[in-house]
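Student: how would this look folded up:
(one chain, ligands or ions: 1)
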Amino acid sequence: MRLDKVIEQQLNTSRKEMKRLFQQGKVLVDQRIERRPERNVDSALHQIMVAGRQLETQERYYIVNKPNGVVTANLDQQHQTVIDLIAPRDQHPDLYAVGRLDRDTEGLVLVTTNGQLGYDLLHPSKKVTKRYEVVVNDLVTPEDVVAFATGITFHGGVTCKPADLTIIDARVDRSFASLEIAEGKFHQVKKMFLARGKKVIQLKRTAMGSLVLPDDLAVGSYRSLTQEELKGLAAHFR
Ligand code: URA
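Tutor: Alright, predicted model coming up:
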């Protein structure tokens, strides 16, 4: 959460007082004077001291194993959403999903109340890698691996950054592969394979940055991030 928002919520600070607190160096994050009101902080990761008082944040972070058929949105007239998968006791009006998976894609979705974290994780300059398990209706070849590593060009002319394709099992009518990309264009994985004349028939996201989909997280379920998982995201709190 933005540092000035935490201060305002907990200390009921007026704008003028807020400015003064920052100017006078009375806002400390991890024992260092912080001058940026927009700084993203979480008391689970940082010690937040303001004029001698320690402040706490109440952000929520859930790792969700999205099933096929569920949409990555907050509201949908027709389909169940990732937010609907969260139990009433864990709901919060500020919850949203960081990045989109297609309705027919399964796997890891981070759902949080921390808006700034999502912005940082998705910003192209941050190059956060996403890993997918892919099933394709065709033979995936070493030539595909080279083409992905060079940079696939979509039929419309857009070129992707180099991507790391690993063939797990290749057959003429069905291949299994894993793919790591460092960007998030619309339908990117499906379009990359289409550019090679192959169709993705199953797609599952297994990792995003340091976050890895746990083997024991059943499809359709979720849990809070562990302290270790949250620490892994600490570089994205700016
Ligand atoms: N690429 C896709 O084509 N679909 C997804 O859901 C995610 C990445």
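Student: So what's the gap between the helix or strand hosting residue 189 and the chain middle?
Tutor: Taking DSSP states H and E as the criterion, residue 189 maps to helix 188-195. Counting by CA atoms, centre = their mean, to the nearest Å, helix 188-195 is centred 21 Å from the centre of its parent chain.
Student: for the residue nearest in space to the middle of the chain, phi and psi?
Tutor: In the chain, the centroid-proximal residue (CA atoms, centre = their mean) is residue 98; its distance is 4.4 Å. Main-chain dihedrals, residue 98, degrees, to the nearest 10: phi -90, psi 100.
Student: which residues does it bridge with?
Tutor: With DSSP bridges applied, residue 98 shows beta-bridge pairing to residue 110.
Student: which secondary structure element contains residue 172?
Tutor: Going by DSSP H and E, residue 172 is not part of any helix or strand.
Student: shift numbering so it begins at 12
Tutor: Let's use 12 as the start, then, which means that last one is residue 183.
Student: Tell me the confidence at it?
Tutor: Looking at residue 183, its pLDDT reads 97.
Student: and it, what does it touch?
Tutor: 149, 150 (CB atoms under 8 Å, 6 or more residues apart in numbering). Where C-beta positions appear, they are placed from N, C-alpha and C, glycine not excepted.
Student: Kindly recompute the last result at 10 Å.
Tutor: The contact partners of residue 183, taken as CB atoms under 10 Å, 6 or more residues apart in numbering, are 148, 149, 150.
Student: Among these, which one has the most neighbours?
Tutor: Highest neighbour count within these: residue 149, with 19 neighbours (other CB atoms under 10 Å).
Student: wait, what's in contact with the residue nearest to that one when sequence neighbours are not counted?
Tutor: Leaving aside its sequence neighbours, residue 149 sits nearest to residue 209 (CB to CB, 6 or more residues apart in numbering; 4.2 Å). For residue 209, the contact set (CB under 10 Å, 6+ apart) comprises 145, 147, 148, 149, 150, 151, 152, 155, 186, 201, 203.
Student: Closest to residue 222 out of these?
Tutor: residue 145 (18.9 Å; CB to CB).
Student: Any idea how many residues pack against the closest residue to the closest one other than its chain neighbours?
Tutor: Once flanking residues are discounted, residue 145 sits nearest to residue 188: 5.0 Å by CB to CB, 6+ apart. The local packing of residue 188 (other CB under 10 Å) involves 21 other residues.
Student: Tell me the neighbouring strands of the host helix or strand of residue 188, and mark each as parallel or antiparallel.
Tutor: Per DSSP H and E: residue 188 is located in strand 186-192. Strand pairing for strand 186-192, using DSSP bridges, gives strand 141-147 (antiparallel), strand 175-181 (antiparallel).
Student: In stretch 48-57, which residues have enough neighbours to count as buried?
Tutor: 48, 50, 51, 52, 53, 56, 57 (16 or more other CB atoms under 10 Å).
Student: Spatially, which two of the residues you listed are the most separated?
Tutor: 48 and 56 (18.1 Å).
Student: if we can go back for a sec, if you compare the strands paired with strand 186-192, which one is most tucked away?
Tutor: Greatest average neighbour count among the strands paired with strand 186-192 goes to strand 141-147 (a mean of 21), per mean count of other CB atoms under 10 Å.
Student: Give me the angle between that one and helix 199-206.
Tutor: 40 degrees (axes from the mean of the first three to the mean of the last three CA atoms, to 10 degrees).
Student: could I have strand 141-147 exported to CSV, CA atoms only?
Tutor: Below are the C-alpha coordinates for strand 141-147, written out as CSV (Å, rounded to 0.1, in the frame of the first residue of the first chain):
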residue,chain,number,x,y,z
LYS,A,141,6.0,-16.4,-16.7
ARG,A,142,6.3,-20.1,-17.2
TYR,A,143,3.7,-22.2,-18.9
GLU,A,144,3.1,-25.9,-19.5
VAL,A,145,1.8,-26.2,-23.1
VAL,A,146,0.1,-29.0,-25.0
VAL,A,147,0.2,-28.5,-28.8
